[in-house]
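Participant: this one's structure only:
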């Protein structure tokens, strides 16, 4: 047995004073009482000793009289990830026992890295502005923070009309409705994207036509757009995936040639630029998401942005039940309730105050990951082309099992055992039931199988990034 684990073991003959002394000697918060055959009978934490004393026990009482016999235990024969799953905020120490009940390891909640994929950064004026909403009573969509949020967002994007909505999905849906997309129409979308991009097309009664993505940018393969156009095609939705812009000039050239509308899905790329232009300002309409894992967040929320006044008016109409803006309770169309609340907008205003800081930090995170992982066999770093300024919304890379000696899914599992949360890439749309279609999607299929995203929140520390890199190196080197 490891000497370190032996320190956590005490014989049944010890008293409570000896248990307390051992707990105080630095044994990671727990000791275990074993019989003469070294089989674990019970355990103590500081709390167990305290409860025993409060219930009238003496420091000289036999420990075995007061030990916790109903403790959670792991099994040496079980996968480590299963034993780790036994830990939580209440169960902070789990002994791992062999088939004979002997201690072979101890897992501790405090030793786990517990590094989430993404957490919101809410250390600015969010609470102050929320309190202002509550004190004033303006908590629904009729409040000053909504207009302030929209105006601040517009000011950051060349003054484009900006309409705050309830989600990024609502933004995409409003964009399609404003453009008049309807049943029988077709909309070209990339095969590798979150389902919302295609869902909204279906909700309009139209058909999403998937095309493969580019192996270099991971975004829509612009060379495949023209061959996918039919007499039913009405729009193209390029997605700026994982923070890297799509190659927009060819998209716009094709759109002009065939009189098609372009909706930029910027959910994952706020702050990215394409040849010096902010994403969302290139197509006819730009759509953003403010879900809790995005660059800025309002919890849920989104923004529709356009330079076309007619489209802006249509989006506003559909956003608020289709109600005529000059004639209250008169509805020109069957609209939606896609409004953002004043509470959400208050958080958004506070978040925009730190947007430059967030974008700068995201790029630092991306560069540090690249530096820490570059050159490891089988790992491909995310795209960062010279005509783009990516924000590394969520740091994502590819794992080639043949070179790395480990599959993407196995790497995810091993990192989870270390307390590091990751996630795989999206499933291609063409294999999912609502969007199923035949075609050549070789790149999307490969990226979906090999792609992994690593912890990338605005507040992640350099130390945590280095820890993730170190664990990945260790896991892959062990496989060699």
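Facilitator: Alright, I've got the coordinates. Please read these numbers as outputs of a predicted model, since none were measured by experiment.
Participant: Look up which helix or strand residue 468 falls in, please.
Facilitator: Taking DSSP states H and E as the definition, one finds residue 468 inside helix 462-478.
Participant: Show me what that helix is packed up against.
Facilitator: In terms of contacts (3 or more CB pairs under 8 Å, 6 or more residues apart in numbering; DSSP states H and E), helix 462-478 is packed against helix 355-373, helix 408-417. Heads up, the C-betas are built off the backbone N, CA and C, glycines and all.
Participant: Least confident of those, on average?
Facilitator: Between the helices and strands packed on helix 462-478, the lowest average pLDDT goes to helix 408-417, which shows a mean of 91.
Participant: So which helix or strand of the chain has the lowest pLDDT on average?
Facilitator: helix 3-6 (a mean of 75; mean pLDDT, DSSP states H and E).
Participant: Show me what counts as buried in that helix.
Facilitator: Within helix 3-6, the residues that qualify as buried are residue 5, counting by 16 or more other CB atoms under 10 Å.
Participant: What's the first helix or strand after that helix?
Facilitator: Immediately after helix 3-6, counting by DSSP H and E, sits strand 9-11.
Participant: which secondary structure elements does the following helix or strand past that next one contact?
Facilitator: Per DSSP H and E, the first helix or strand lying C-terminal to strand 9-11 is helix 16-23. Contact here means 3+ CB pairs under 8 Å, 6+ apart; on that basis helix 16-23 packs against strand 9-11, strand 31-34, helix 46-54.
Participant: Of all the helices and strands packed on helix 462-478, which one is nearest residue 46?
Facilitator: Smallest distance to residue 46 across the helices and strands packed on helix 462-478 (CB to CB): 27.1 Å, for helix 408-417.
Participant: what's next to the closest one, contact-wise?
Facilitator: 80-81, 84, 398-399, 401, 404, 406, 421-424, 449-452, 468, 471-472, 475-476 (CB atoms under 8 Å, 6 or more residues apart in numbering).
Participant: How much space separates the spatially closest residue to residue 322 that is not a sequence neighbour from residue 446?
Facilitator: Leaving aside its chain neighbours, residue 322 sits nearest to residue 335 (2.9 Å; criterion: CB to CB, 6 or more residues apart in numbering). Distance, residue 335 to residue 446, using CB to CB, to the nearest Å: 41 Å.
Participant: what sits against residue 477?
Facilitator: Residue 477 neighbours (CB under 8 Å, 6+ apart): none.
Participant: again with residue 404
Facilitator: 376-379, 411, 476, 479.
Participant: Can you say which of the helices and strands packed on helix 16-23 is packed in most?
Facilitator: strand 31-34 (a mean of 24; mean count of other CB atoms under 10 Å).
Participant: Please settle this for me: is residue 107 part of a helix?
Facilitator: No: the assignment for residue 107 by DSSP: H, G, I helix; E, B strand; the rest coil gives strand, which leaves it out of any helix.
Participant: okay, it: pLDDT?
Facilitator: On the pLDDT scale, residue 107 gets 89.
Participant: who are the neighbours in contact with it?
Facilitator: 74, 83-84, 86-87, 93-94, 96.
Participant: thinking again about what came up before, thought residue 320 was touching the residue nearest to residue 322, still the case?
Facilitator: Yes: between residue 335 and residue 320 there is a contact at 6.4 Å, judged by CB atoms under 8 Å.
Participant: What segments of the stretch 201-350 of the chain are helices?
Facilitator: For the stretch 201-350 of the chain, helices defined by DSSP state H, counting those that start in this stretch occupy the ranges 248-258, 309-319, 342-352.
Participant: Out of those helices, which is closest to residue 29?
Facilitator: Going by CB to CB, the one of the helices of the stretch 201-350 of the chain nearest residue 29 is helix 342-352, 37.3 Å.
Participant: The closest one - what's its average pLDDT?
Facilitator: 98.
Participant: which parts of it are buried?
Facilitator: 342-352.
Participant: Next, the angle helix 355-373 makes with that helix.
Facilitator: 60 degrees (axes from the mean of the first three to the mean of the last three CA atoms, to 10 degrees).
Participant: Quick check, pLDDT for the residue nearest to residue 82 when sequence neighbours are not counted.
Facilitator: Spatial nearest neighbour of residue 82, excluding adjacent residues (CB to CB, 6+ apart): residue 74 at 7.5 Å. At residue 74, the pLDDT value in this model is 94.
Participant: How about residue 122?
Facilitator: On pLDDT, residue 122 comes in at 96.
Participant: check contacts around the nearest residue to it once chain neighbours are set aside.
Facilitator: Nearest residue to residue 122, sequence neighbours excluded (CB to CB, 6+ apart): residue 347, at 7.6 Å. The contact partners of residue 347, by CB under 8 Å, 6+ apart, come to 122, 126, 129-130, 297-299.
Participant: In CSV: those, plus distance to residue 211 and neighbour count.
Facilitator: Conversion of the contacts of residue 347 to CSV gives the following (distance: CB to CB, whole Å; neighbours: other CB atoms under 10 Å):
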residue, distance to residue 211, neighbour count
122, 38, 16
126, 40, 21
129, 42, 22
130, 43, 19
297, 31, 24
298, 32, 29
299, 33, 14
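Participant: ok, so of these, who is nearest residue 109?
Facilitator: residue 122 (24.3 Å).
Participant: The closest one sits in which helix or strand?
Facilitator: Per DSSP H and E, there is no helix or strand for residue 122.
Participant: give me phi/psi at it?
Facilitator: Phi and psi for residue 122, reported as degrees, to the nearest 10, are phi -120, psi 40.
Participant: any idea how far it lies from residue 358?
Facilitator: Taking CB to CB as the measure, residue 122 falls 12 Å from residue 358.
Participant: Secondary structure class of the residue nearest to residue 354 when sequence neighbours are not counted, three-state.
Facilitator: Using CB to CB, 6+ apart and skipping residues adjacent in sequence, the residue nearest residue 354 is residue 124, 5.3 Å away. The local conformation at residue 124, judged by three-state DSSP, is coil.
Participant: residues contacting residue 124?
Facilitator: 350-351, 353-354 are the contacts of residue 124 under CB under 8 Å, 6+ apart.
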